[in-house]
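requesting a structural model of the entry that follows:
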Amino acid sequence: MEDKTLEQIKLEILDFVKENNNTINNFYKANLMIFCNSICDNDERSFPTHVTVCYTQQKELILLHPSNKLLHLNNDSDDCTIFEGCTIALYKDNKFELDFNSNLRVDDYIKLIKYYYEKKKDDKEINISEKHFYNSCDVCKKLIDKNGFICEKCDYDLCDDCQVNKSNHVHNMFHFTDYFGWNTFDSDDVLIRVHTEM
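Prediction:
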């Protein structure tokens, strides 16, 4: 890293996020909308205007999930050692490069979430299924996997087939063709934490 200070890397992070804002924002929005329960409030979708970005010892740049409520391993969120996020870049050859491929797919993510629930040793039954991580089409009711249209304003989702058949909706629909699940990280690995506008 050519002995760059953490303050220098922090400035690089801010510049990188600004330069790649559209790409990162679309990736982030697609992932958030898949996990609709975490962003829906009174049947309206809202997205953070500011996000937290972390740089880790493994030279990964991570976008934090806005809630992180699934992985708190105790009652005090400040003491949580595990957090949820998406890898958006890796630091290579003294610069950040976009990289979304390090993130878990949904099937692996479900297994990981179950593991952490079991680690908490809660008495309540662990009942997590794919339905927690996929939206369902509001017309035909089938689960939307890797292709779909999601309303940017309200809790309304369409599969590709129903959108093609001209199902009408008053709000703008966000089209995604692929997405990655969230991953988990150890907060002890975080070297830099930056809050920035998305």
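
from the rest of the structure, what touches the helix or strand where Asp15 lies?
Using DSSP states H and E, Asp15 falls within helix 6-19. Helix 6-19 has contacts (CB atoms under 8 Å, 6 or more residues apart in numbering) with 1, 4, 24, 53, 55, 61, 89, 95-96, 191-192, 194, 196. C-beta: built from backbone N, CA, C; applies to glycine.

repeat that for 10 Å
1-2, 4-5, 24-25, 51, 53-55, 59, 61, 63, 88-89, 91, 94-98, 191-194, 196-198 (CB atoms under 10 Å, 6 or more residues apart in numbering).

return the subset of those lying in helices.
Ile24, Asn25 (DSSP state H).

show me which of the contacts of helix 6-19 are buried.
Using 16 or more other CB atoms under 10 Å as the burial test, the contacts of helix 6-19 include Ile24, Val51, Val53, Cys54, Tyr55, Leu61, Leu63, Ile88, Ala89, Tyr91, Phe96, Val194 as buried.

tell me which of the residues you listed is nearest to Phe149?
Ile24 (20.8 Å; CB to CB).

which non-adjacent residue is nearest that closest one?
Ile88 (5.5 Å; CB to CB, 6 or more residues apart in numbering).

quick one: pLDDT of that neighbour?
Note on Ile88: pLDDT of 91.

mind listing what it touches?
16-17, 20, 23-24, 27-28, 51, 53, 60-63, 96, 98-100, 102-103.

same question for His171.
Arg45, Cys151, Glu152, Lys153, Cys154, Tyr156.

distance check, it against Leu64.
27 Å (CB to CB, to the nearest Å).

one more: Phe47?
Phe47 is 14 Å from Leu64, by CB to CB.

remind me, longest strand of the protein?
Longest strand in the chain by number of residues, with DSSP state E as the criterion: strand 82-92.

direction included, what does that strand pair against?
Here strand 82-92 has these sheet partners by DSSP bridges: strand 60-64 (antiparallel), strand 95-98 (antiparallel), strand 183-186 (antiparallel).

weakest of those in terms of mean pLDDT?
Minimum mean pLDDT among the strands paired with strand 82-92: strand 183-186, a mean of 81.

in that strand, which residues are buried?
So for strand 183-186, counting by 16+ other CB under 10 Å, buried means Asn183, Thr184, Phe185.

mind listing the residues bridging to the last one?
Pointing back at Phe185 there. Bridge pairing for Phe185 - DSSP bridges - gives Phe83.

just confirm it contacts Leu104, I think it does.
No: the criterion here is CB atoms under 10 Å, and Phe185 misses it with Leu104 at 11.3 Å.
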